[in-house]
Every structure is written in structure tokens, then in C-alpha cells.
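K.L.:
Quick one: sequence plus predicted model below, questions after.
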Amino acid sequence: MPSTLRDRLRHEFDHALATIFARPPVAPPAERGLDAAAKARVARLVRVDDAGEVAAQALYRGQAFFARRPELAAGLHESGAEEEAHLLGCRSRLAALGARPSLLGPVWYAGGWLSGAFFALLGDRTSLGYLEETERRVVRHLEDHLRQLPAEDVATRTLLERMRAEEEGHAHRAHAAGARALPAPLGTLMGMAARVMTTLAARL
Ligand SMILES: [Fe+2]
Ligand SMILES: [Fe+2]
């Protein structure tokens, strides 16, 4: 376990690079069941989800970095590990679709980390409130993407359904750990940030 601030920051930097440039452990076979237009459409959706997973991992790290209670930091790292599986699932699906992740990975990571750190500095319960609200928004967002998927795309559906179930679990965990509800204007702000992210990540 790294101890000095410098070690901890270096550890965070390594984690950021490993996340942004993560690759699937095995190269998936190319998708053959969808036509080119459907593949491009699904790739746009998965690229957004992938960007969200980069931000989610960063958010957990930023929160854990400044968490006051050590058991909270441990719980955050646990959920963060599930986000890692989500990210690799998205990377694998993108590769199968012949697409690349968003080029703005460093931006998504920095945004996630700094927002997680900001809320962590406001205290553990507010930090958990931010996490719960984020996960609930991700669940609604994934449900929207599930509705947009072509019926024949079972692989993407399976991945997004699993992510949806686990994000719901993360929201419950944050709630059970004592999350404090965020003031309404913050929800509006989060919605705006999410719209910018989904628009940009679909294209870039
Ligand atoms: Fe996730
Ligand atoms: Fe999550």
C-alpha cells in the first residue's frame, strides 16, 4: 500500500493511464450479425458507455483518495473494481464492432476524478450522495441505450443489462452506507454535464 503523498499521486497517475488505455484481455471475434449501419450506431452508444465507465472509475478513485472513513475507501475500491469489468466489457465490444474508444478519455477521467474529489472533501455522506445520484442516472441512461439497441444485438444487450444491474447495486450500496440527498440544483448541473459528455463521446 503506497503511503507518502507522492507515492499515492504516482499510483493515481498510473491508474489513470491504465484506465484510459485499457484493452480487452483477449481480442474478440469481429461482429458478423449486424450490417455496417447497425454496427456504427451501436458503436456510438457503446463509446458513450465506455466513456462513462472511464469517468466512473476515476470518480471512485477521486472519492477514495479523500474519503475520511477508511472502510468507506475500501467499499469504493470494491465498486470501482466492478467498474473495471464494465470498462473491459465495453472495450471488448467496441473492438468487435471495429470501433475505438473516445479520444477524450483523459478529459472523462480528469472530470470524474475531480468531481469525486470535490464531493469527498464535502464529507463522506455528501460524497456517497453524489455517488448514489450518479449511479441512478447511469441506470436510466443504460435503460435508454438498451431501448435503442437493434433487437438482434444480443452481445451488447447482455453487457449493458449486466452493467445496469451492477450500477443499481452501487446506488443501493451508497444509499445503505449513509448517502445524503444532494440539493436539486446539483442534479440539474449533473444532467447538463452528462448531456455534454454523451454528445461529445458519441462523436469523438
Ligand atoms: Fe459501470
Ligand atoms: Fe457503478
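P.N.:
Cool, the structure landed. Ligands and ions are numbered 1, 2, ... in the order given.
K.L.:
How about the residues of the protein by ligand 2?
P.N.:
Residues of the chain lying near ligand 2 by C-beta under 5 Å from the ion: 135, 167, 170. C-betas here are computed from N, CA, C, even on glycine.
K.L.:
and the protein, which of its residues are near ligand 1?
P.N.:
53, 56, 83, 86.
K.L.:
same thing but 8 Å
P.N.:
Applying C-beta under 8 Å from the ion, one finds that the chain approaches ligand 1 through 52-53, 56, 82-83, 86-87, 138, 163, 166-167, 170.
K.L.:
Tabulate the residues of the chain next to ligand 2 (CSV), appending secondary structure.
P.N.:
Listed next are the residues of the chain next to ligand 2 as CSV, based on DSSP: H, G, I helix; E, B strand; the rest coil:
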residue, secondary structure
Glu135, helix
Glu167, helix
His170, helix
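K.L.:
sorry, back to before: show only the entries of the residues of the chain next to ligand 1 found in helices.
P.N.:
52-53, 56, 82-83, 86-87, 138, 163, 166-167, 170 (DSSP state H).
K.L.:
Nearest residue to the residue most central in space within the chain in space, please, no chain neighbours.
P.N.:
By C-alpha atoms, centre = their mean, the chain has its centre lying nearest to Glu53, at 2.2 Å. Counting by C-beta to C-beta, 6 or more residues apart in numbering, Glu53 lies nearest to Leu87, which is 4.0 Å off, once chain neighbours are set aside.
K.L.:
Repeat that for Leu114.
P.N.:
Counting by C-beta to C-beta, 6+ apart, Gly62 is the residue found nearest to Leu114 once chain neighbours are left out, at 6.4 Å.
K.L.:
ditto for Arg91
P.N.:
Counting by C-beta to C-beta, 6+ apart, the nearest residue to Arg91 once its immediate chain neighbours are dropped is Pro24, at 4.8 Å.
K.L.:
okay, now the residue in the chain positioned nearest to ligand 1: neighbour count?
P.N.:
Here the residue of the chain nearest ligand 1 is His86; by C-beta to the ion that distance is 3.6 Å. Per other C-beta atoms under 10 Å, the neighbour tally for His86 reads 22.
K.L.:
Could I get the contacting residues of it?
P.N.:
By C-beta atoms under 8 Å, 6 or more residues apart in numbering, the contact set of His86 is 49, 53, 56, 163, 166.
K.L.:
which of the residues you listed sit farthest apart?
P.N.:
Set against one another by C-beta to C-beta, the contacts of His86 have their most distant pair in Asp49 and Glu166, with a gap of 12.7 Å.
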